[in-house]
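> output the structure for:
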Amino acid sequence: MKLKAAVLGATGMVGQKFIQLLSDHEWFEITSLIASEKRVGKFYGEEVNWVVSANVPEKVKDLEMQPMDPKVIDADIVFSALPSDIAKKVEPEFAKAGFVIASNASAYRMDEDVPLVIPEVNPDHLGLVEVQKRNRNWDGFIVTNPNCTTIVLVLSLKPLMDLGLRKVIVSTMQALSGAGFPGVPSLGIMDNILPFIKGEEEKVETEPLKLLGKFDGERIRFADLKVSASCHRVPVIDGHLESVWAEFNRDVSVEEVVDAFESFKPLDLPTSPEKLIIVRNEPDRPQPRLDRDEGGGMSITVGRIRKDDSAIKYLVLGHNTVRGAAGASILNAELMIKEKLI
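Numbers count the residues shown, from 1 in each chain. As a prediction, the model looks like this:
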């Protein structure tokens, strides 16, 4: 029997992506769509400004939208696509009421007792769940996934840690969908690149240290790694492309890096791709339009792997609203089921 799933922030772009990915999921069935007060009681298909595909999934068109009140929600898990400021208030209310929250919001990512998880990278960090429940006296709990840019980057960094990775410099070319809908005004981005995304560089520089750190049974010991980021918005709809400079504490060859990428295996979960990291050898790949949908949007693609003195340079691409957002939360939920936390 499928688990009952609710979506917080169901009408936004990430909320819509959750619904699209969950509509035919083998483990979950959408039973509750939770939206702002002005939409409560209205039918989802009539109210939502659907932008992520051609049509609203038939299974949810006639669902009546419900309030952000845990007392009226019937669900085994709640997926949160809320803006951070709203998530800060609403997610704890659901956790106190006993709900499991798989959150895409940034509100609690860096809290000491909240797991920040990429299942292939740090599944053991789910050990923080018991710490969180004890600290906060909650019956439920919150598990977060990282920023979309961070996820793409860290999936490529994890296999390099055993090679002695010590410093990363990354310059990002981030898709418009990362800003939500309607996002950046057309006259601001057409024939243009925006060299600043508020708050983005701070997330990319700090979240990897938690993700790549060690869980000691009570807290996360951050990784001994320096990350420096420069983040930019470019006129691409989906797909974050990142140019990475990786320095190591020993001489590392291109062949070692390629082998590390290709040896990094996916998990056996419904949303896992068949291949986690796809290595392209062409001089002009990866490209967002050609490579963002690999693995149903859950794979990342690396290319232009080359050596520069003591560093290795490469490009990495990932789908920011699938692997970088809704798909990441869903994969976290699948891992929680596997670990018997749900």
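> when you work out contacts or count neighbours from here on, use the C-alpha atoms and nothing else.
Fine.
> and residue 24, what helix or strand is that in?
Assigned by DSSP states H and E, residue 24 belongs to neither a helix nor a strand.
> for the stretch 151-300 of the chain, what spans make up the strands?
In the stretch 151-300 of the chain, the segments counted as strands under DSSP state E, counting those that start in this stretch are 165-174, 214-215, 220-221, 226-233, 240-248, 277-279, 300-308.
> what is the second one packed up against?
Here strand 214-215 touches strand 220-221, going by 3 or more Cα pairs under 8 Å, 6 or more residues apart in numbering; DSSP states H and E.
> what mean pLDDT does the strand it packs on get?
Computed over strand 220-221, the mean pLDDT rounds to 98.
> contacting residues around that strand?
Surrounding strand 220-221, the residues in contact under the criterion Cα atoms under 8 Å, 6 or more residues apart in numbering are 112, 125, 210, 213, 214, 215.
> would you format the strands of the stretch 151-300 of the chain as JSON lines with mean neighbour count and distance to residue 262 included?
Formatted as JSON lines, the entries for the strands of the stretch 151-300 of the chain read as follows, by neighbours: other Cα atoms under 10 Å; distance: least, Cα to Cα, whole Å:
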{"stretch": "strand 165-174", "mean neighbour count": "21", "distance to residue 262": "17"}
{"stretch": "strand 214-215", "mean neighbour count": "18", "distance to residue 262": "24"}
{"stretch": "strand 220-221", "mean neighbour count": "18", "distance to residue 262": "27"}
{"stretch": "strand 226-233", "mean neighbour count": "19", "distance to residue 262": "23"}
{"stretch": "strand 240-248", "mean neighbour count": "23", "distance to residue 262": "17"}
{"stretch": "strand 277-279", "mean neighbour count": "22", "distance to residue 262": "6"}
{"stretch": "strand 300-308", "mean neighbour count": "21", "distance to residue 262": "10"}
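> in TSV: these, plus distance to residue 71.
Output for the strands of the stretch 151-300 of the chain, formatted as TSV (distance: least, Cα to Cα, whole Å):
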stretch	distance to residue 71
strand 165-174	39
strand 214-215	34
strand 220-221	33
strand 226-233	40
strand 240-248	38
strand 277-279	42
strand 300-308	39
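> residue boundaries of the strands in the stretch 1-150 of the chain?
According to DSSP E, counting those that start in this stretch, the strands that the stretch 1-150 of the chain contains are 3-8, 28-34, 77-80, 100-103, 141-144.
> give me the contacts around the last one.
Outside of strand 141-144, the residues within contact range by Cα under 8 Å, 6+ apart are 91-92, 95-96, 98-106, 108-109, 114-117, 126, 129, 132-133, 329, 332.
> ok, now the second one?
For strand 28-34, the external contacting residues (Cα under 8 Å, 6+ apart) are 2-10, 19, 22-23, 40, 44, 60, 63-68, 73-75.
> just the buried residues from those residues, in ChimeraX please.
The command below creates a ChimeraX selection of those among the contacts of strand 28-34 that count as buried (16 or more other Cα atoms under 10 Å):
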select :3,4,5,6,7,8,9,10,19,22,23,40,44,60,63,64,65,66,67,68,73,75
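> minimum distance to residue 227: which of the strands of the stretch 1-150 of the chain has it?
Residue 227 sits nearest to strand 141-144 of all these, at 20.7 Å, using Cα to Cα.
> pLDDT at residue 303, what is it?
Model confidence at residue 303 (pLDDT) stands at 98.
> and the nearest residue to it once chain neighbours are set aside, how many residues sit next to it?
Among residues not flanking residue 303 along the chain, residue 280 sits closest, at 4.9 Å (Cα to Cα, 6 or more residues apart in numbering). Residues near residue 280, counting by other Cα atoms under 10 Å, number 16.
> quick check: residue 280 touching residue 302?
Yes: with contact taken as Cα atoms under 8 Å, residue 280 and residue 302 are classed as touching, separated by 6.2 Å.
> if we can go back for a sec, just the ones of the contacts of strand 141-144 in helices?
Members of the contacts of strand 141-144 lying in helices (criterion: DSSP state H): 91, 92, 95, 96, 129, 132, 133, 329, 332.
> hmm, back to that, common neighbours of residue 280 and residue 302, please.
When contacts are counted by Cα under 8 Å, 6+ apart, residue 280 and residue 302 are jointly contacted by residue 286.
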